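Trainee: this one's sequence-less:
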């Protein structure tokens, strides 16, 4: 029985170490606005509009409210549970 518990503990410890390494590695991916992209051939674009802000990897970036998630934030979100679960249970469902 003890060998079985040691094996499970070892596997969990290895998984935790891998998660921490992934979290530390992904922290280096920070997005900074590098340029704007636009298509001047579109008829609905205003002439003074600079374009859509993009980061160094050519991904859309909201320059007013940048979202720079970390791996720790992702783990908190996935493992944190549903904060509205209790409220949803208390609210009667609409049965149509």
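Mentor: Nice, thanks for sending it over. This structure is a prediction, so every number in the text was calculated from the model and none was measured.
Trainee: Going by C-alpha atoms from here, please, whenever you check contacts or count neighbours.
Mentor: Will do.
Trainee: Off-centre distance for the longest helix seen in the chain?
Mentor: Among the segments of the chain that qualify as a helix by DSSP state H, the longest is helix 2-26. In terms of C-alpha atoms, centre = their mean, to the nearest Å, the centre of helix 2-26 is set 23 Å apart from its chain centre.
Trainee: same thing with stretch 72-86?
Mentor: With C-alpha atoms, centre = their mean, you get 12 Å for stretch 72-86.
Trainee: now swap in stretch 39-58 and tell me
Mentor: 25 Å.
Trainee: Adjust the sequence numbering to begin at 866 for everything that follows.
Mentor: Got it, the first residue is 866 from now on, which makes the last one we talked about stretch 904-923.
Trainee: buried residues in it?
Mentor: By neighbour count with 16 or more other C-alpha atoms under 10 Å, stretch 904-923 contains the buried residues 918, 919, 920.
Trainee: With distance to residue 933 as extra columns, can I get these in CSV?
Mentor: Listed next are these as CSV, based on distance: C-alpha to C-alpha, whole Å:
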residue, distance to residue 933
918, 15
919, 13
920, 11
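Trainee: what's in contact with the helix or strand just after the longest helix of the chain?
Mentor: Next along the chain after helix 867-891, taking DSSP states H and E as the criterion, comes strand 898-902. For strand 898-902, the external contacting residues (C-alpha atoms under 8 Å, 6 or more residues apart in numbering) are 915, 916, 917, 918, 919, 920, 921, 926, 928.
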